[in-house]
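> Here's a sequence, model it:
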Amino acid sequence: MPLPRLGTRSVRFRTPAAPLVVLVGVLALAVAGTLLAVLAAGGRPGRAAGDGPRRIPVEVSPSRCGRGWTRPEPGVQTFDLHNTSGTAAEVYLEDPATKEVFGEVEGIGPGTTRQLTVRLGTGTYAFACVPDDADAVTGPRVHVTGGRRGPGAAPVTQHDLIPPALAYQKWVGAGLDDVVRLTARLRSAIDGGDLAAARSAWLPAHLRYERLGAAYDAFGDADARINGTDAGLPDGVRDRDFTGFHRIEYGLWHGEPAARLRAPAAALVRAVTGLRDGWAATRMDPAGLGLRAHEILEDTVQFELTGRTDYGSGSGLATARADLDGTRAVLSRLRPLLTTRYAGLPGLDEDMERARRTLDGFRHGARWTPLGDLTRAQRERTDAAVGGLVERLASVATLCDPRRTV
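Reported below is the predicted structural model:
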């Protein structure tokens, strides 16, 4: 992932394909646990024949989609998907009757070959080839007898994601009301010269904003003004474009007088108020909701748990906990879609609870243990809990990526 620039940690939210590209390269974007099926069978994607999965060449093109699969067998199989057309294409292996997807590969370029590894069992299968800017085509049906097939998932469409996106957007609107109220309290303390009260007011306001993490992309440039860092700014923390929560955090914990913080506090209140007032006219992209659930905690690992966004308050673990709440808010809206599609949902719930318990262990009333005070064992336990959750959430991003259906 590229590091954030222009003084904002959320620039990366504007490149929603990035995490999926990683998934494609690692496991050919296999859906809903296919990789687990491969590993359980002792194989791995891309492994040569011998002690690995059987390799089957399959053609990808509008006129010959799925051609080459002539001897279907049960068990773990690796398909070499060769694109003989002149345009890039996506390929799904699906049940042609139910449209349940057992594996997919995105972005197979013209003349290139990509691999897809799945576990096949009794059932009927067909490859669906989806060229860029052309109609999808379904290949010949293939019947497999014997064995237990790997997990599949019904495809999610853009239409499926509209209700959860609307529900989430409404929730964000209520959250912005809270952010405006809490930042006004922070400004009042600074205007009154009570920096102790300002330090107490800073964290609740910042955490309330952090919980809205899946909406950052829709916030646009306002997010840089509200929650930007000094990354990429020529004068660092002294740069005039260093604004928002972290600018005030730096001043409050580095001995700046109230007089120097009044203008940044007023600017922060204006920014969050403007964002709140214009939110009703904003439209979030429903297609990005599942990806955001993954990116919130991916950012947490990259920024909060490394201390890169700590400007003196020592609140990285508190922010990580708020990010966990933000992830839970997204998942609660996506749950109706995931319940029938994601076999790993109970495990995801367990990992969410494990991460919650781990982070809550560092809270002491209104105080949180600074990241730098953790023992090595505590750091490893925290990184493992949140990092494992990020891996789980990659499956949510994949499953909720809208697919074109034939």
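> need the helices for the protein, in chain order.
Taking DSSP state H as the criterion, the chain carries its helices at 18-27, 34-40, 158-191, 195-210, 216-219, 221-227, 244-252, 258-278, 289-302, 316-339, 345-360, 376-399.
> Would you tell me which of these gets closest to residue 144?
Taking C-beta to C-beta, helix 34-40 is the member of these nearest to residue 144, at 14.3 Å. Yep, even glycine has a C-beta here, placed from its N, CA and C like the rest.
> What's the mean pLDDT across that closest one?
For helix 34-40, the mean per-residue pLDDT is 31.
> Stretch 130-150 too?
Average pLDDT, stretch 130-150: 90.
> Let me see the residues that make contact with it.
For stretch 130-150, contacts defined as C-beta atoms under 8 Å, 6 or more residues apart in numbering pick out 33-34, 37, 62, 64-67, 69, 72-75, 85, 87-92, 96, 102, 118-129, 403-406.
> From those residues, list the buried ones, please.
33-34, 37, 62, 64-67, 69, 74-75, 85, 88-92, 96, 102, 118-121, 123, 125-129, 403 (16 or more other C-beta atoms under 10 Å).
> how about low-confidence regions in the stretch 1-150 of the chain?
Low-confidence segments of the stretch 1-150 of the chain, defined by pLDDT under 70: 1-53.
> where exactly do the strands run in it?
With strands called from DSSP state E, counting those that start in this stretch, the stretch 1-150 of the chain shows them at 54-60, 75-83, 89-94, 101-108, 113-120, 123-131, 137-138, 142-144.
> Direction included, what does the second one pair up with?
Think strand 75-83. Paired neighbours of strand 75-83 in the sheet (DSSP bridges): strand 54-60 (parallel), strand 113-120 (antiparallel).
> Pull out the buried positions in it.
Of the residues in strand 75-83, 75-79, 81-83 count as buried by neighbour count, 16+ other C-beta under 10 Å.
> before we move on, what about the last one?
Applying a neighbour-count criterion of 16+ other C-beta under 10 Å, the buried positions in strand 142-144 are 142, 144.
> Same question for the fourth one.
Within strand 101-108, the residues that count as buried by 16+ other C-beta under 10 Å are 101-108.
> Ok, the first one next?
By neighbour count with 16+ other C-beta under 10 Å, strand 54-60 contains the buried residues 55-56, 58-60.
> re the thing from before, in TSV, list the buried residues of strand 101-108 along with distance to residue 213.
TSV is the format used below for these (distance: C-beta to C-beta, whole Å):
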residue	distance to residue 213
101	28
102	32
103	30
104	27
105	29
106	25
107	27
108	32
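> Out of those, which is nearest to residue 185?
Taking C-beta to C-beta as the measure, residue 185 lies nearest residue 106 of these, at 46.5 Å.
> show me what contacts the closest residue to the closest one other than its chain neighbours?
Closest residue to residue 106 apart from its sequence neighbours, by C-beta to C-beta, 6 or more residues apart in numbering: residue 90 at 4.9 Å. Contacts for residue 90 (C-beta under 8 Å, 6+ apart) come out as 104-108, 129-130, 403-404.
> Also residue 348?
With contact taken as C-beta under 8 Å, 6+ apart, residue 348 is in contact with 331, 342, 389, 392-393, 395-396.
> The residue most central in space within the chain and residue 225, how far apart?
For the chain, residue 294 is the residue whose C-alpha lies nearest the centre (C-alpha atoms, centre = their mean; 2.1 Å). To residue 225, residue 294 is 25 Å away according to C-beta to C-beta, to the nearest Å.
> Okay, now the unreliable bits of the stretch 301-406 of the chain?
Looking at the stretch 301-406 of the chain by pLDDT under 70, you get 404-406.
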